[in-house]
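>>> I need the structure of the sequence given here:
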Amino acid sequence: MIDLLIVGAGPAGLGAAISAAEYGLKVYVIDEFVKSGGRLLGQLHEEPDGKWVNGIAEAQKLYERAIGLGVKIQCGVSVYDLIKLDNGWCVYTTDKAIESKCLLLATGASEIPIPIPGWTLPGVMSVGAAQVMGNVHRVKPGEKGIIIGVNVLSVSIARELQLCGVHIEGILLPKQSLLSGDAADPEKMMESLLRLSHLAPSPLIRFGGKWVSPKLGARLYPKNGFKMWDIPIQLRKTALEILGENQVKGVRIADITATGEVVPGTEKVVSADFVCIAGGLTPMSELAAVAGCTFCYVPELGGHVPMHNESMQTNVDGLYVAGNITGVESAKVAKAQGTVAGLAVARELKALVDRADEKIEEAIAGVKETRRKALIQFQPGIEEARRKLHREFYENSDGKTEIGVL
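Numbering: from 1, shown residues only. Below is the predicted model of the structure:
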């Protein structure tokens with residue numbers, strides 16, 4: 001039986017593997033993708049200081065560090081079941097069953113689809129799929145694209161697609177419906193957009209992001225939108241239908257009011273050979289549910305998340321979580337959480353004894369500092385939401401060790 005099995009070879013999983021292996025634990029990491037790195041693999045962006053971040057290179061560094069510490073990493077396998085044993089866990093994969101003393105779920109997040117007419121046509125994909133095609137496989141998703149959904153994810157990936165040589169005709173909202181929800185609300189999406197204003201190349205947009213309220217911003221937003229990196233971001237236009245027969249040919253769009261109603265007589269067709277749908281991200285927590293975790297619905301974290309504390313412990317013995325399964329944040333935050341989880345497992349298995357609590361407290365402080373410095377915040381109020389979640393964990397726990405509660 002191994003010491004720690006980690007499901008997910010992204011920044012959280014690799015970060016945990018490294019910190020646990022540094023204390024001599026026998027660690028095994030599995031991932032359904034053919035290559036380790038998770039969300040890092042699709043990332044390519046410029047930091048405010050002008051430094052370029054190549055996610056593939058960052059993932060390779062983590063992989064090499066983990067392998068150097070004796071961590072076993074197996075990709076291309078999926079988990080379909082897991083059960084709690086008296087002395088650990090048994091995880092059933094498409095390759096074999098693996099028994100482990102402790103289990104860490106670092107399964108990340110999945111994209112939220114927004115169904116609109118024509119969304120099953122060839123050439124329609126999630127914005128994350130387009131990111132992987134361009135940055136991982138070096139294949140353009142098309143030459144001219146439209147992104148439906150204005151949020152932190154769509155704007156940042158639009159820039160990455162542009163760097164791949166793809167022309168983005170515009171980023172606009174989906175039509176209002178029961179399924180599109182807040183994604184079709186100009187005011188709600190204006191709030192999301194303002195959290196990206198510090199990245200804009202235009203001084204006007206950066207200034208407006210500091211002082212304009214979402215409600216006022218949606219009302220004053222120009223009909224043809226603003227441009228970031230020469231990409232039109234259009235909060236006053238909506239996608240009514242994706243057009244084509246055997247392949248995407250274009251999108252039928254229309255102007256909308258500040259509250260999202262379609263303006264009659266403004267419909268037109270914009271040509272495109274691919275369309276990305278960007279509905280945001282939500283924690284991928286199915287395995288945590290199978291394991292018997294208690295869940296809490298936290299909108300600021302992206303939806304339902306498994307109950308856990310600052311040490312990334314869940315309410316199920318020997319089960320830990322880290323990364324976007326705990327709430328949607330940046331890859332850097334995910335890696336920092338993984339470090340905490342790896343240390344916590346090492347403490348539980350008595351591999352980390354000297355200054356154990358102090359080292360974990362320092363790692364928890366590192367997560368908070370990483371979050372504070374994050375280039376992108378996917379939702380407002382993340383820190384306060386996490387404090388409430390942690391307090392609720394302890395109020396409903398059976399005496400687990402309390403560390404770092406504010």
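>>> part of a helix, is residue 13?
Yes: assessed by DSSP: H, G, I helix; E, B strand; the rest coil, residue 13 belongs to a helix.
>>> After the helix or strand encompassing residue 64, which helix or strand is next?
Using DSSP states H and E, residue 64 sits in helix 55-68. Downstream of helix 55-68, the first helix or strand assigned by DSSP H and E is strand 72-75.
>>> packing partners for the next helix or strand after that following strand?
Counting by DSSP H and E, the next helix or strand C-terminal to strand 72-75 is strand 79-85. Secondary-structure packing of strand 79-85 (3 or more Cβ pairs under 8 Å, 6 or more residues apart in numbering; DSSP states H and E): strand 88-93, helix 286-291. C-beta coordinates here come from the backbone N, C-alpha and C atoms, glycine included.
>>> Return the distance of residue 62 relative to residue 102.
According to Cβ to Cβ, to the nearest Å, residue 62 and residue 102 sit 20 Å apart.
>>> let me redo that: residue 396
From residue 396 over to residue 102 the distance is 21 Å, taken as Cβ to Cβ.
>>> again, but for residue 87
Taking Cβ to Cβ, one finds residue 87 at 11 Å from residue 102.
>>> Neighbour count for the two, which is higher?
For residue 87 versus residue 102, the count of surrounding residues by other Cβ atoms under 10 Å is larger for residue 102: 24 against 10.
>>> what about the more buried one, which helix or strand?
Residue 102 belongs to strand 97-105, assigned by DSSP H and E.
>>> strand partners of the helix or strand that that strand is followed by, parallel vs antiparallel please.
As assigned by DSSP H and E, the chain's next helix or strand after strand 97-105 is strand 109-111. Using DSSP bridges, strand 109-111 pairs in its sheet with strand 281-283 (antiparallel).
>>> In the strand it pairs with, which residues have enough neighbours to count as buried?
Buried residues in strand 281-283, defined by neighbour count with 16 or more other Cβ atoms under 10 Å: 281-283.
>>> and which of the residues you listed is nearest residue 124?
When the buried residues of strand 281-283 are compared for distance to residue 124 (Cβ to Cβ), residue 281 wins out at 18.5 Å.
>>> Spit out the contact partners of that closest one.
Residues near residue 281 by Cβ atoms under 8 Å, 6 or more residues apart in numbering: 109-112, 153, 302, 324, 328, 378.
>>> returning to what we had before: what is the strand holding residue 102 packed up against?
strand 2-7, strand 27-31, strand 88-93, helix 286-291, strand 319-321, helix 331-348.
>>> shouldn't residue 254 be in contact with residue 266?
Yes: if you go by Cβ atoms under 8 Å, residue 254 and residue 266 touch, sitting 4.8 Å apart.
>>> more neighbours, those two?
residue 254 (18 against 14).
>>> That one: which element?
Short version, using DSSP H and E: residue 254 is in strand 248-255.
>>> That strand packs against which elements?
The contact analysis (3+ Cβ pairs under 8 Å, 6+ apart) places strand 248-255 against strand 231-244, strand 268-271, strand 274-277.
>>> and the ones you listed as CSV, adding distance to residue 12, mean pLDDT and mean neighbour count?
Below are these laid out as CSV (distance: least, Cβ to Cβ, whole Å; pLDDT from 0 to 100; neighbours: other Cβ atoms under 10 Å):
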stretch, distance to residue 12, mean pLDDT, mean neighbour count
strand 231-244, 30, 94, 22
strand 268-271, 39, 97, 13
strand 274-277, 25, 97, 26
